[in-house]
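Undergrad: Have a look at this prediction, sequence included:
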Amino acid sequence: MNGVNERGARPVRPADVLLVCSPGGHLLQLHALAPVWRDHSRVWVTLAKSDSRSLLRDETVVFAHGPAVRSVSNLLRNLLLAWRVVREVRPKLVLTTGAAVAVPFAWVGRLHGSRVVYVESLARTVKPSLSCRLTAPVANRVYVQWPELQAAMPKARYVGSVFGR
């Protein structure tokens, strides 16, 4: 697999943008934001699933530890991975669509001086996800994809759906 690093194995090169997401819908939404990140050097962080391996086959990818949802041990493993990856990549921006894997990378990225942008999932219409609530305190900007959700998160910005652009 071209450019893929299993669980943070070297070498991971410095890049402008660190793209972090869970596989599935989160990955498709972040991939749909290609006009924002495609002209920048980048490294992806996701879980090693068939969709991420296929969609990101020509990208530099670090596979995080999963399952990341409600697993304290994988949260700690991903926190250590985030520390190592962020130090190596030195991203100017951490861009994420969630879910759980995003939380340690957002916090570590912010601690290292990266800007953090969180795009809440299209599936969240009226109440923010746990990963959004945990990431929002360190995010420079949070985007929601439904105006109803913006009502619940007044500091978030609504500019439409990632698929509607």
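TA: Received it, and whenever you're ready, just let me know what you need. Quick caveat, the model's predicted, so the values are computed rather than measured. Numbers count the residues shown, from 1 in each chain.

Undergrad: in the longest helix belonging to the chain, what's buried?
TA: Ranked by number of residues, the top helix in the chain under DSSP state H is helix 72-89. Under the neighbour-count criterion of 16 or more other Cβ atoms under 10 Å, helix 72-89 has 74-75, 77-78, 81-83, 85-86, 88-89 buried. For every residue, glycine as well, the C-beta is placed using N, CA and C.

Undergrad: between those, which is closest to residue 35?
TA: Set against residue 35, the nearest of these by Cβ to Cβ is residue 89 (21.4 Å).

Undergrad: Verify the stated contact: the closest one with residue 20.
TA: No - Residue 89 lies out of contact with residue 20 (Cβ atoms under 8 Å); the separation is 10.8 Å.

Undergrad: sorry, back to before: could the buried residues of helix 72-89 be laid out in JSON lines, adding pLDDT and distance to residue 32?
TA: Shown next, in JSON lines, are the buried residues of helix 72-89 (pLDDT from 0 to 100; distance: Cβ to Cβ, whole Å):
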{"residue": "74", "pLDDT": "94", "distance to residue 32": "26"}
{"residue": "75", "pLDDT": "93", "distance to residue 32": "27"}
{"residue": "77", "pLDDT": "96", "distance to residue 32": "29"}
{"residue": "78", "pLDDT": "97", "distance to residue 32": "24"}
{"residue": "81", "pLDDT": "97", "distance to residue 32": "25"}
{"residue": "82", "pLDDT": "98", "distance to residue 32": "24"}
{"residue": "83", "pLDDT": "97", "distance to residue 32": "29"}
{"residue": "85", "pLDDT": "97", "distance to residue 32": "23"}
{"residue": "86", "pLDDT": "98", "distance to residue 32": "24"}
{"residue": "88", "pLDDT": "96", "distance to residue 32": "27"}
{"residue": "89", "pLDDT": "98", "distance to residue 32": "22"}
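
Undergrad: Good, we can wrap up now.
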